[in-house]
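Peer 1: Any chance you can model this:
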Amino acid sequence: MASYWTGQRVRLRGIEPDDWSAFMRFAEDEERLGDLLNPPRSAEGFRTWAQEQATAKSDGDCFGLAIEAVETGRTVGAIGSHRADPRAGWFEYGITMEAGHRRKGYASEAVVMLLRFMFDERRFHKCGARVFADNEGSLAFQRKLGFVEEGRLRDQVFSAGRHLDIVMMGLLADEFAQLHSPSA
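Peer 2: Numbering: from 1, shown residues only. A predicted model of the protein is given here:
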């Protein structure tokens, strides 16, 4: 049997110390695409962060993973669960993909693997995603996966010199199961 964490296009795996350069590329992509604007970070800062991630103890419900292209073995993105509330049964997830690897099915496959784990194995009931309101590509991506808009946080973040709304998206476990059966 193949690994649960390996699909046709991607493999999800723990972050390794050598992934620092990939995460530096992701940060540069996010800045260039207007997703996030943070102060520049040194290569040593990324190396230290990756080393810490590689040895960090997971709490089981909140974790970060590298997305590796099966065909090339290249780290092409990152995905993770966060803000998990096991008692209430919800969590949020986030994903970033290297610019040259977007719109190739990597992100969709990675998200479905993560959601299947969180819904089926960890028994969560709901997943949330926060999306900048002006990020039409990301909003369309979430909708394609089955997420629906649940609300909007007006002027919630300040980025690139302006306030932006955050669109709150949600997907329930039974909705996910209907759209993404394991045989699909």
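Peer 1: Now the most centrally placed residue in the chain: closest residue in space that isn't a chain neighbour?
Peer 2: For the chain, the residue nearest the mean C-alpha position is residue 95 (1.9 Å; Cα atoms, centre = their mean). Nearest in space to residue 95, with sequence neighbours left out and distances taken as Cβ to Cβ, 6 or more residues apart in numbering, is residue 79 at 4.5 Å. Just so you know, the C-beta spots here come from the backbone N, C-alpha and C atoms, and that holds for glycine as well.
Peer 1: Can you report the mean pLDDT over the residues of the helix or strand where that neighbour lies?
Peer 2: Taking DSSP states H and E as the criterion, residue 79 maps to strand 75-85. Averaging pLDDT along strand 75-85 gives 96.
Peer 1: Show me what the helix or strand of the chain with the lowest mean pLDDT packs onto, helices and strands only.
Peer 2: Every helix and strand of the chain was ranked by mean pLDDT, DSSP states H and E. The lowest is helix 20-32, at a mean of 86. If contacts are counted by 3 or more Cβ pairs under 8 Å, 6 or more residues apart in numbering; DSSP states H and E, helix 20-32 sits against helix 43-55, strand 75-85, strand 90-97.
Peer 1: What count of nearby residues applies to the nearest residue to residue 108 once chain neighbours are set aside?
Peer 2: Leaving aside its sequence neighbours, residue 108 sits nearest to residue 145 (Cβ to Cβ, 6+ apart; 6.7 Å). By other Cβ atoms under 10 Å, the residues close to residue 145 number 20.
Peer 1: Would you check that residue 145 makes contact with residue 112?
Peer 2: Yes. With contact defined as Cβ atoms under 8 Å, residue 145 reaches residue 112; the gap is 7.5 Å.
Peer 1: Now for these two: what residues contact both?
Peer 2: residue 180 (Cβ atoms under 8 Å, 6 or more residues apart in numbering).
Peer 1: quick check: angle from the strand holding residue 79 to strand 90-97?
Peer 2: 160 degrees (axes from the mean of the first three to the mean of the last three Cα atoms, to 10 degrees).
Peer 1: Could you tell me how far strand 75-85 lies from the centre of the chain?
Peer 2: Put simply, strand 75-85 sits 4 Å off its chain's centre (Cα atoms, centre = their mean, to the nearest Å).
Peer 1: got the contact list for it?
Peer 2: 10, 12, 15, 19, 22-23, 26, 61-69, 90-98, 101, 106-107, 110-111, 114, 118, 124, 128.
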